[in-house]
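Student: Quick one: sequence and predicted model below, then my questions.
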Amino acid sequence: MKHTASPKTALFPHFWMKKVLFSICPKSHWTGAVLSIWALMALPVFALNVAELALSESLQEQKRGNEFLQIIWNVSSVVADVETQVYLKKLGNELSIYSENPSKHLDFFMLNDVSINAFAGPYGYIGVHTGLLLSSDSESELAGVLSHEISHVTQNHLTRFSQKTGKQTYIMLAGVLAAALANNSTIAAFSVATIAQQSINFTREHEWEADRMVTKMLLKSGFDPKSMAHFFKKLKNNLGANEFLRTHPLSINRLSDSMQRSAREHGDYRADSFEYLTIKAKVYYHQHKRIKLATNKALNLYMRAYDSLEKQKYQQAKNHIDQLLKLNHDDSSYILAGRIYSKLAQIDRAQAYFSKINNESSIYYAAKAYADNHKITKGIGILKRYLKLNGGTYDSHKLLSSLYVNAGKLDYVHIHNAKALVLQGKLNEGVVRYQRAKSVTQSQDLFDVLTVRIKRLEQLIDLYQNLPD
């Protein structure tokens, strides 16, 4: 069965601007039909009042989130670096534990955009621009922005915005999306200008609410609660932050309140992690095509090794990484060491470095190292085991698919391409890939499994399409 999105669905009128969505994404009951399609997501264990029940997550909200997920991948440029994405997801998930509702669905993306901005969209999809990362002076500042966006989700701001502004605003917002997809900034600007005045007071209320939650989340996670106030103050006179400030209204009173609230807190807060420093340094490197020298000796050695690796000067990279490992034993250093020794065809030593850590980044590069050294079966084995237990990111499924190409297993090539497409919200395309896998597999057991997967995915697509707009 082939499914195509209706024009209404394609326009997706249910969200705030392309890059600045304040969202709702609570966990909720699933109907019996949905239970047969997806994993059960339980309601929060604490009691909800009547207003909160009205805002709890629905299948409609998940549909909007799926549509928004497609926009993130189609319109925005998701940073194609596993370490960057894994780091942001890890930091975001850690902070969400200290939110008022940790059970809500959240996912995090780093987007290649020089503007200073971040957003929270339907179903808890949160994006951070590389421009914002580079403008942060500390990991606490980045954590403050993430906590702020998480709070927009847990405070149900997108749903409250839609309830207050009504259907007519949705129609205008559809124009914003259509313009964004067509890259027509003139139309987008007109649509935004039309609704900006009527919504600004409401979004200011959202900002105050989110601010109050940020201090608590930063304190509980060990970050400096003053960081968000410092970030606000820094942005106030930064022309590059105009988009962030337009969509996250910042008044003098709000800035003063934030600074006074955080000034009362004192403690021994977390220092910047080496992972944060290296991720930020690599983003700068790829944007400016050069290393930004730092006062941190370990970071300078890391970036010299990374620069040499990028330029395929592997012996030079080895010299830098060997010096680094005398000073630093963070995960980032071990992963880079493994990548460098892999290029020198010292696969056992490379895998020894990768094995010191167990996260998706290390597994991804371990699998890639095996592939680069003509050990495809070992690469498939290590990545397949991890993804079976942990789900994984788009990039990991695409890598596994490419490994299966080299192994000549076309059914699994299509299966992991399908999983990658579903992670992008592209359910119809995922169905097509599963059907291709089904058409080439020689295994009856796999054929039966694929039949069930396709049926469930098609049922989910039908449910989404049958929901009222």
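Tutor: Noted; the coordinates are in hand. As the structure is a prediction and not an experimental result, all values here were calculated from the model.
Student: going forward, measure contacts and count neighbours with C-alpha atoms only.
Tutor: Will do.
Student: element containing residue 304?
Tutor: helix 297-310 (DSSP states H and E).
Student: Please list the outside residues in contact with that helix.
Tutor: Contacts to helix 297-310, defined as C-alpha atoms under 8 Å, 6 or more residues apart in numbering, come from residues 274, 277-278, 281-282, 291, 293-294, 314, 316-321, 323-324, 327-328, 333, 336, 340.
Student: Just the buried residues from those, in ChimeraX please.
Tutor: Buried members of the contacts of helix 297-310 can be picked out in ChimeraX with the line below, counting by 16 or more other C-alpha atoms under 10 Å:
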select :274,277,278,281,282,291,314,316,317,318,320,321,324,328,333,336,340
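Student: Give me the subset of the contacts of helix 297-310 lying in helices.
Tutor: 274, 277-278, 281-282, 314, 316-321, 323-324, 327, 333, 336, 340 (DSSP state H).
Student: Wait, a helix at residue 61?
Tutor: Yes - assessed with DSSP: H, G, I helix; E, B strand; the rest coil, residue 61 lies in a helix.
Student: Tell me how far the residue nearest to residue 144 when sequence neighbours are not counted lies from residue 312.
Tutor: Take residue 144 and drop its neighbours on the chain: the residue closest to it by C-alpha to C-alpha, 6 or more residues apart in numbering is residue 228, 5.0 Å away. Per C-alpha to C-alpha, to the nearest Å, residue 228 is found 40 Å from residue 312.
Student: more neighbours, these two?
Tutor: Per other C-alpha atoms under 10 Å, whichever of residue 228 and residue 312 has more neighbours is residue 228, with 26 against 13.
Student: Can you check the pLDDT for the closest residue to residue 126 other than its chain neighbours?
Tutor: The shortest distance from residue 126 to any non-neighbouring residue, by C-alpha to C-alpha, 6+ apart, is to residue 120 (4.4 Å). Residue 120 carries a pLDDT score of 84 in this model.
Student: hang on, residue 120 packs against residue 153?
Tutor: Yes - checked against C-alpha atoms under 8 Å, the pair residue 120 and residue 153 is within contact range at 6.8 Å.
Student: ok, now which ones touch residue 444?
Tutor: Listed by C-alpha under 8 Å, 6+ apart, the contact set of residue 444 is empty.
Student: Okay, it and residue 371: tell me how far apart.
Tutor: 29 Å.
Student: try residue 465
Tutor: From residue 465 to residue 371 the distance is 41 Å (C-alpha to C-alpha).
Student: Residue 81 too?
Tutor: Taken as C-alpha to C-alpha, the span from residue 81 to residue 371 is 18 Å.
Student: Among those two, which residue is more densely surrounded?
Tutor: residue 371 (20 against 14).
Student: Wait, the more buried one touches residue 379, no?
Tutor: Yes - the criterion here is C-alpha under 8 Å, and residue 371 meets it with residue 379 at 5.8 Å.
Student: Spit out the residues that contact these two alike.
Tutor: With C-alpha under 8 Å, 6+ apart as the test, residue 371 and residue 379 both reach residue 403.
Student: ranges for the strands of the stretch 351-469 of the chain?
Tutor: Taking DSSP state E, counting those that start in this stretch, the stretch 351-469 of the chain contains no strands at all.
Student: And the helices in it, which stretches?
Tutor: 360-372, 376-390, 394-407, 410-423, 427-440, 444-466 (DSSP state H, counting those that start in this stretch).
Student: What residues sit buried inside the longest one?
Tutor: I take that to be helix 444-466. By neighbour count on 16+ other C-alpha under 10 Å, the buried set for helix 444-466 is 447, 450, 453-454, 456-461, 464-465.
Student: Let's see that helix as PDB, backbone CA atoms only.
Tutor: Once non-C-alpha atoms are left out, helix 444-466 reads as follows in PDB (Å, rounded to 0.1, in the frame of the first residue of the first chain):
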ATOM      1  CA  GLN A 444      11.400 -17.000   5.500                       C
ATOM      2  CA  ASP A 445      11.800 -15.900   9.100                       C
ATOM      3  CA  LEU A 446      13.000 -12.400   8.100                       C
ATOM      4  CA  PHE A 447      10.300 -12.300   5.400                       C
ATOM      5  CA  ASP A 448       7.700 -12.800   8.100                       C
ATOM      6  CA  VAL A 449       9.300 -10.200  10.500                       C
ATOM      7  CA  LEU A 450       9.300  -7.700   7.600                       C
ATOM      8  CA  THR A 451       5.600  -8.400   6.800                       C
ATOM      9  CA  VAL A 452       4.700  -7.500  10.400                       C
ATOM     10  CA  ARG A 453       6.900  -4.400  10.400                       C
ATOM     11  CA  ILE A 454       5.400  -3.100   7.200                       C
ATOM     12  CA  LYS A 455       1.900  -3.700   8.400                       C
ATOM     13  CA  ARG A 456       2.500  -1.800  11.700                       C
ATOM     14  CA  LEU A 457       4.200   1.100  10.000                       C
ATOM     15  CA  GLU A 458       1.300   1.300   7.400                       C
ATOM     16  CA  GLN A 459      -1.200   1.200  10.300                       C
ATOM     17  CA  LEU A 460       0.600   4.100  12.000                       C
ATOM     18  CA  ILE A 461       0.600   6.100   8.700                       C
ATOM     19  CA  ASP A 462      -3.100   5.500   8.300                       C
ATOM     20  CA  LEU A 463      -3.800   6.600  11.900                       C
ATOM     21  CA  TYR A 464      -1.800   9.800  11.300                       C
ATOM     22  CA  GLN A 465      -3.600  10.500   8.000                       C
ATOM     23  CA  ASN A 466      -7.000   9.900   9.600                       C
END
